[in-house]
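Engineer: Sequence and predicted structure, then a few things I'm wondering about:
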Amino acid sequence: MKEGVHIHTPFGDIVILLDEKPVTYSVVEKEKNTYYSDVLGCYRIIVEFVPDGKEHEIKCFIPDMVYTERGPESGEDIECQAFYNDKGEKMSICLQAETGYLPDGRRWSDKYDYDADYLDNGMSYKIFANTVEKKFVFGIAWIDKIVGETGEEDLDRDGQTWFAADFTLDS
């Protein structure tokens with residue numbers, strides 16, 4: 001685990017902020033495996049934060065990110081967002097949470113004592129006044145060549161960033 005490491009991606013440099021201010025974090029680079037053998041980068045960013053009874057936001061994003069498309073690719077216990085660019089590259093940013101609200105305003109799941117937010121250029125943890133969790137992890141992965149020579153999307157390559165970014169699958 002390393003602190004203060006900058007992560008450079010094809011979409012730009014990753015920035016981590018707590019309430020719009022730089023925060024100390026650790027970085028773990030993950031090895032490729034059979035589920036994501038073609039990814040070009042796979043990282044875990046760990047932010048240790050002791051909640052103080054106030055609302056906060058921990059953001060993982062890329063300022064001035066340029067992409068052609070973005071969208072959710074969430075799964076059980078994760079919220080994940082994919083970004084695509086015009087060079088055939090894809091990046092996934094993932095965090096552990098269950099978002100969603102019922103029509104009356106209540107959260108549909110109380111499994112986690114915080115929430116997630118899909119940003120235009122990343123993801124964030126929304127920390128509530130009653131949050132007790134102290135470790136907030138972001139999973140990040142990117143790949144190239146998600147479009148094959150025929151111009152069709154290569155779904156096998158496309159899915160690899162999701163598996164790589166989903167740190168709940170780490171053993």
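Structural biologist: Structure received.
Engineer: For stretch 88-103, what is the distance to the chain centroid?
Structural biologist: In terms of CA atoms, centre = their mean, to the nearest Å, the centre of stretch 88-103 is found 7 Å from the chain centre.
Engineer: I meant to write stretch 55-67 there.
Structural biologist: For stretch 55-67, the distance to the chain centre is 10 Å (CA atoms, centre = their mean).
Engineer: Let's see that stretch as CSV, backbone CA atoms only.
Structural biologist: The C-alpha coordinates for stretch 55-67 follow below in CSV (Å, rounded to 0.1, in the frame of the first residue of the first chain):
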residue,chain,number,x,y,z
GLU,A,55,-22.3,15.2,6.6
HIS,A,56,-19.3,14.8,4.3
GLU,A,57,-18.5,13.8,0.8
ILE,A,58,-15.5,11.8,-0.4
LYS,A,59,-15.0,12.2,-4.2
CYS,A,60,-13.0,10.2,-6.7
PHE,A,61,-13.0,12.0,-10.0
ILE,A,62,-11.1,13.3,-13.0
PRO,A,63,-11.4,17.1,-13.5
ASP,A,64,-12.0,18.1,-17.1
MET,A,65,-12.6,14.4,-18.1
VAL,A,66,-13.5,14.0,-21.7
TYR,A,67,-15.8,11.1,-22.6
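Engineer: Identify each buried residue in that stretch, please.
Structural biologist: Residues of stretch 55-67 classed as buried under the neighbour-count rule (16 or more other CB atoms under 10 Å) are 56-62, 65, 67. C-betas here are computed from N, CA, C, even on glycine.
Engineer: Which of these fall within strands?
Structural biologist: Judged by DSSP state E, the subset of the buried residues of stretch 55-67 located in strands is 56-61.
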